[in-house]
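Enquirer: Starting from these lines, generate the structure:
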Amino acid sequence: MNTYAVRLESAGAAVTVVCAEQTVTHWSARYFGTWWNAAAVHPADICAGARVTGSWTTTLTTTMPWR
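Expert: Below you'll find the predicted structure:
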């Protein structure tokens with residue numbers, strides 16, 4: 001199974017959207033890229049920071065390591 005990721009950063013804040021559906025990460029980059037810096041990242045390189053995970057058919061969950 002493939003996994004796709006996009007990193008969104010702005011003003012010291014960042015979140016990574018990870019999903020098995022590339023359409024979700026592409027949509028995130030297009031939608032949030034207007035206000036945030038969006039860049040595709042390799043999912044295996046993600047090790048820290050806020051991360052949003054989920055599937056196309058389920059509600060997305062947020063993991064915030066600073067809490």
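Enquirer: quick one, strands of the protein?
Expert: For the chain, the strands defined by DSSP state E cover 4-10, 13-19, 37-41, 50-54, 61-63.
Enquirer: would you turn those into JSON lines with mean neighbour count and mean pLDDT?
Expert: Backbone N, C-alpha and C define where each C-beta goes, glycine included. Shown next, in JSON lines, are the strands of the chain (neighbours: other CB atoms under 10 Å; pLDDT from 0 to 100):
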{"stretch": "strand 4-10", "mean neighbour count": "19", "mean pLDDT": "90"}
{"stretch": "strand 13-19", "mean neighbour count": "19", "mean pLDDT": "85"}
{"stretch": "strand 37-41", "mean neighbour count": "14", "mean pLDDT": "90"}
{"stretch": "strand 50-54", "mean neighbour count": "18", "mean pLDDT": "60"}
{"stretch": "strand 61-63", "mean neighbour count": "11", "mean pLDDT": "47"}
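Enquirer: can you put those in JSON lines and add distance to Trp27?
Expert: Conversion of the strands of the chain to JSON lines gives the following (distance: least, CB to CB, whole Å):
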{"stretch": "strand 4-10", "distance to Trp27": "9"}
{"stretch": "strand 13-19", "distance to Trp27": "9"}
{"stretch": "strand 37-41", "distance to Trp27": "11"}
{"stretch": "strand 50-54", "distance to Trp27": "12"}
{"stretch": "strand 61-63", "distance to Trp27": "17"}
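Enquirer: Any idea which of those strands gets closest to Ser28?
Expert: Of all the strands of the chain, strand 13-19 sits nearest to Ser28, with 4.4 Å by CB to CB.
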